[in-house]
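**Q** Prediction below, plus the sequence it came from.
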Amino acid sequence: SNSDNLEIVSQCHNNYCYLSTIPLDRSDTIPLTIINTVKRTQKTLLFNNLEQNNTFITDPYFLSQKPKSLLCSPILKQGKLIGILYLENNLTTQAFTIERLEILNLLTAQAAISIENARLYQHLEAKVEQRTQNLQQTLKQLQQTQAQLIQTEKMSSLGQMVSGIAHEINNPISFISGNITHARKYFQELLELLNLYQEDLPHPSSAIRDKLEELDLEFLCDDLEKLFDSMQTGSTRISKIIRGLRNFSRLDESKSKDVDIHEGLENTLMILQHRLNGNSSGIKIAIVKNYGELPLVNCCANQLNQVFLYILSNAIDAVSTSESENFPQIAITTEMKDSQTVTISIADNGIGMSEDICQRIFDPFFTTKPVGKGTGLGLFISYQIITEQHGGKLECISQAGKGTEFIINIPV
């Protein structure tokens, strides 16, 4: 490998050669004293009649092997030892003639060049691999940053728009809601005045009697009360939607605070109510709520609402495009996994996903939806929010044709 730690990388016996990576100090197939001498002196050792030389006779290798001729030569590149060539002949003495030595010297010089080139190539290849890994990591980080910037801007714009619309609607609906009470009171006062007239004038003129019959005063009074009730119910519903929109966006709550998870889920479902009712697809989707007893969770409410929105939107897409005969359904389950962890499960009975898709579902810009229908950012952002922003876990369990379940675990 290098001048300090040598390895046997190639061995040949008779006509058979093979590559290896055996540390020199663990080998018993070569005379270590010979190798270490050449390594230290960087000089060639040549023995054409080893039986007449006792210099290395104590080497354990020579106690079991009896080579007739031996050559051990350093492979040098610019004065640096980069390898050692060891040859032996067990059949005859004088095996290494002058002509053969010249050929071996030439081959050794070529071997030095080849070894150095191979090392340079290996080093270059390692650097290219490292650069490639660094570039891939940088690209991944850039994609994540880009996705976060896009989604942050998108949600900021959406939140501002929602907040603005809620504010604009809230003012007139407050007037309407407040005036209903006054209108109901005024109507009751007019009825009381009308009753007094009827008591004082028990025999009205024919014109008044005709008008009373035309108006059907009794029906008008009953129906007007129902109209007031309907108007009050509608304005209350609109006020509730406005509060839900404001709670969903929560632009003024960028820091963590104690939050009711169920309130966040309900606000998200309200935002998606038009899709659940089948207004766009014609398919009405049932929501099954299995809410457990949960404490308030310290989290960033608007971020968690984003996660609920992304996962529920995907679930709606899944059950809306499913060809299953099952009634489309999304089940939301909340429970305490342990004393410190809240679990939220959102499961649908839609088309499901293959294992390959499920493994990539949290990758940035990965989507199975048609062009223009999805950006591939929603679940990636959700994973970042749960794991990095809240120290939790987000898992996807799915099987093609069997539906999909997303499990959120976040610490209290």
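**A** Happy to help now that I have it.
**Q** Give the buried residues for stretch 348-356.
**A** Buried residues in stretch 348-356, counted by 16 or more other Cβ atoms under 10 Å: D348, N349, G350, I351, G352, M353. Just so you know, the C-beta spots here come from the backbone N, C-alpha and C atoms, and that holds for glycine as well.
**Q** For the stretch 251-400 of the chain, which segments count as strands?
**A** Secondary structure of the stretch 251-400 of the chain (DSSP state E, counting those that start in this stretch): strands located at 257-259, 286-290, 297-299, 329-338, 341-348, 393-398.
**Q** Direction included, what does the fourth one pair against?
**A** If you go by DSSP bridges, strand 329-338 pairs up with strand 286-290 (parallel), strand 341-348 (antiparallel).
**Q** mind exporting it as PDB, just the C-alpha atoms?
**A** Extracted in PDB, the C-alpha atoms of strand 329-338 (Å, rounded to 0.1, in the frame of the first residue of the first chain):
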ATOM      1  CA  GLN A 329     -64.000   8.000   3.900                       C
ATOM      2  CA  ILE A 330     -61.200   9.700   5.900                       C
ATOM      3  CA  ALA A 331     -60.700   8.700   9.500                       C
ATOM      4  CA  ILE A 332     -59.000  11.100  12.000                       C
ATOM      5  CA  THR A 333     -57.700   9.600  15.200                       C
ATOM      6  CA  THR A 334     -56.000  11.300  18.100                       C
ATOM      7  CA  GLU A 335     -54.600   9.700  21.200                       C
ATOM      8  CA  MET A 336     -51.700   9.900  23.700                       C
ATOM      9  CA  LYS A 337     -49.000   7.500  22.500                       C
ATOM     10  CA  ASP A 338     -47.300   7.900  25.900                       C
END
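**Q** quick one on the thing from earlier: in TSV, list the buried residues of stretch 348-356 along with pLDDT and distance to L124.
**A** Below are the buried residues of stretch 348-356 laid out as TSV (pLDDT from 0 to 100; distance: Cβ to Cβ, whole Å):
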residue	pLDDT	distance to L124
D348	92	52
N349	89	55
G350	87	51
I351	85	48
G352	87	47
M353	87	42
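**Q** which pair in the residues you listed spans the largest distance?
**A** Spatial extent of the buried residues of stretch 348-356 (Cβ to Cβ) is set by the pair N349 and M353 at 13.3 Å.
**Q** in this structure, what spans have low per-residue confidence?
**A** 1-4, 147-148, 150-163, 167, 244-254, 279-282, 322-324, 370-376 (pLDDT under 70).
**Q** what separates the residue nearest the centre of it from R131, distance-wise?
**A** The centroid of the chain falls nearest to F362 when counting by Cα atoms, centre = their mean (3.2 Å). F362 sits at a distance of 27 Å from R131 (criterion: Cβ to Cβ, to the nearest Å).
**Q** contacting residues for L265?
**A** Counting by Cβ atoms under 8 Å, 6 or more residues apart in numbering, L265 touches F308, I332, T334, I344.
**Q** Please repeat the previous calculation with a cut-off of 7 Å.
**A** By Cβ atoms under 7 Å, 6 or more residues apart in numbering, the contact set of L265 is F308, I332.
**Q** in which helix or strand would I find F187?
**A** Taking DSSP states H and E as the definition, one finds F187 inside helix 98-200.
**Q** Quick one: list the elements packing against the helix or strand immediately after that helix in the chain.
**A** Counting by DSSP H and E, the element after helix 98-200 in chain order, helix or strand, is helix 206-215. On a contact count with 3 or more Cβ pairs under 7 Å, 6 or more residues apart in numbering; DSSP states H and E, helix 206-215 meets no helix or strand.
**Q** Buried ones in helix 206-215, by neighbour count?
**A** Residues of helix 206-215 classed as buried: none (neighbour count, 16+ other Cβ under 10 Å).
**Q** Also stretch 260-280?
**A** I261, G264, L265, E266, N267, T268, L269, M270, I271, L272, R275, L276.
**Q** Pick the one among these closest to L394.
**A** Of the buried residues of stretch 260-280, the one sitting nearest to L394 (Cβ to Cβ) turns out to be I261, at 14.8 Å.
**Q** ok, now which ones touch the closest one?
**A** L294, V297, T334, V342, I344.
**Q** which among these gets closest to D317?
**A** Using Cβ to Cβ, these come closest to D317 at I344, 19.2 Å.
**Q** Can you name the residues bridging to the nearest residue to that closest one once chain neighbours are set aside?
**A** Of all residues not flanking I344 in the chain, I408 sits nearest, at 4.3 Å (Cβ to Cβ, 6 or more residues apart in numbering). Beta-bridge pairing of I408 under DSSP bridges involves I344, L394.
**Q** doesn't L394 make contact with I408?
**A** Yes: assessed by Cβ atoms under 7 Å, I408 is found in contact with L394 at 5.7 Å.
**Q** Can you check which residues contact both of those two?
**A** Common contacts of I408 and L394 (Cβ under 7 Å, 6+ apart): I386.
**Q** roughly how far apart are N48 and N105?
**A** Plainly put, N48 is 16 Å away from N105 if you go by Cβ to Cβ.
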